[in-house]
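Visitor: heads up, no residue letters with this:
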C-alpha cells in the first residue's frame, strides 16, 4: 500500500502546483489588463488637458481629470501585489 500512498501524494502535489501556476497566470493577465487601462486613462487625461488648454473643454474638466487620476492610482495600487515585478513605473517608454 506504500506505493499507492506515494502516487496519491505526488498527484496531490501536482494538483497544488497546477493551481498555483493557474493563479499566477490569472494575476499576470489581470496586471496586463490594468496596465492597458492605465495607458487608456493617461491618453484620456492628455486629451482633456489639451481641450482645457485650447479652450474647448467642458466646465467640469477638472472633475473628469481627477476621476481618471483616482482610477489610475487604484489600478497601480493593485499591480504586482508583492511579487517584485512591475516596479518600473518611470514612464520612460514614451521615447
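Guide: Looks like it arrived, so ask away. The structure displayed is predicted, hence computed values, not measured ones. Numbering: from 1, shown residues only.

Visitor: can you tell me which helix in this protein is longest?
Guide: Looking across the chain with DSSP state H, the single longest helix is helix 2-54.

Visitor: What is that helix packed up against?
Guide: Counting contacts by 3 or more CB pairs under 8 Å, 6 or more residues apart in numbering; DSSP states H and E, helix 2-54 packs against helix 61-78. For the C-beta atoms, the positions are set from N, CA and C on the backbone; glycine is no exception.

Visitor: Show the model's pLDDT score for the closest residue to residue 44 other than its chain neighbours.
Guide: Spatial nearest neighbour of residue 44, excluding adjacent residues (CB to CB, 6 or more residues apart in numbering): residue 68 at 5.6 Å. Looking at residue 68, its pLDDT is 98.

Visitor: tally of neighbours for residue 68?
Guide: Neighbourhood size, residue 68 [other CB atoms under 10 Å]: 18.

Visitor: gap between it and residue 7?
Guide: In this view, residue 68 and residue 7 are 55 Å apart by CB to CB, to the nearest Å.

Visitor: so who does residue 30 touch?
Guide: Neighbouring residues of residue 30 by CB atoms under 8 Å, 6 or more residues apart in numbering: residue 78.

Visitor: my bad, residue 58
Guide: By CB under 8 Å, 6+ apart, the neighbours of residue 58 are 51, 64.

Visitor: Kindly indicate whether it is helix, strand or coil.
Guide: Secondary structure, DSSP: H, G, I helix; E, B strand; the rest coil: residue 58 is coil.

Visitor: From residue 3, how far out is it?
Guide: 73 Å.

Visitor: Ok, residue 49 next?
Guide: With CB to CB as the criterion, residue 49 and residue 3 are 69 Å apart.

Visitor: repeat for residue 46
Guide: Distance from residue 46 to residue 3, by CB to CB: 65 Å.

Visitor: Which one's more surrounded, these two?
Guide: Legend: neighbour count by other CB under 10 Å for residue 46 and residue 3, higher for residue 46 (10 against 7).
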